[in-house]
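> With the input below, show me the fold.
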Amino acid sequence: MDKGFRVLQKIVQAANVRQKVISSNIANSDTPGYKAKDVKFDNLLGKEMKMAATNSKHLGGSGNMSGKTEVEENLSWEDRNNVELNVEVAKMTENALLHDTAVTILTTKIKMFKNAISRR
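Got it, this is the predicted structure:
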C-alpha cells in the first residue's frame, strides 16, 4: 500500500490515544493534586511524518515514539489540580475533528482504490 494509508492510520491511532488522555483529564478535574496531561502528535506519529531533507537548510524533526504523554505545566488551583474543563473540551473537539478528517480521507482513498480495481 502507499505511504498515505500508514500516515492516516498513525493519525487515527494518535487521535484515539489523545482522546483517552483528554477524557482522563476531564474525569480527574476534581481530583486534588491531579496534573493535566496531553499527547504530542509529533511523538506519536514518528518517522511517518518526517520530511526528507533535500537541502542542508531544511529543518529536522524528531520522530520519537517514547514519552507519549506530557504533563501540562500551567497554573494550578488551590488543590494543586490544573485541569481547566473549557480547555479540555476545546482539545477534545479539535481532536475529534482531526480524527474525523483522517477517517474521511482514509475512506476516500479506499473508494478510489476500489474504483480503480473495478475498472480493470
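
> average pLDDT across the helix or strand in which residue 104 is found?
Here residue 104 is covered by helix 85-118, with elements defined by DSSP states H and E. The average pLDDT within helix 85-118 is 94.

> which helices and strands does it pack with?
Applying 3 or more Cβ pairs under 8 Å, 6 or more residues apart in numbering; DSSP states H and E, one finds that helix 85-118 contacts helix 3-27. For the C-beta atoms, the positions are set from N, CA and C on the backbone; glycine is no exception.

> let's see it at 10 Å
Packing contacts for helix 85-118, counted by 3 or more Cβ pairs under 10 Å, 6 or more residues apart in numbering; DSSP states H and E, involve helix 3-27, strand 37-39.

> Redo these as a markdown table? Include mean neighbour count, distance to residue 109 and mean pLDDT.
Shown next, in a markdown table, are the helices and strands packed on helix 85-118 (neighbours: other Cβ atoms under 10 Å; distance: least, Cβ to Cβ, whole Å; pLDDT from 0 to 100):
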| stretch | mean neighbour count | distance to residue 109 | mean pLDDT |
| --- | --- | --- | --- |
| helix 3-27 | 16 | 6 | 93 |
| strand 37-39 | 18 | 25 | 90 |
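
> right, and those - which one's nearest residue 95?
Residue 95 lies closest, by Cβ to Cβ, to one member of those: helix 3-27, at 5.1 Å.
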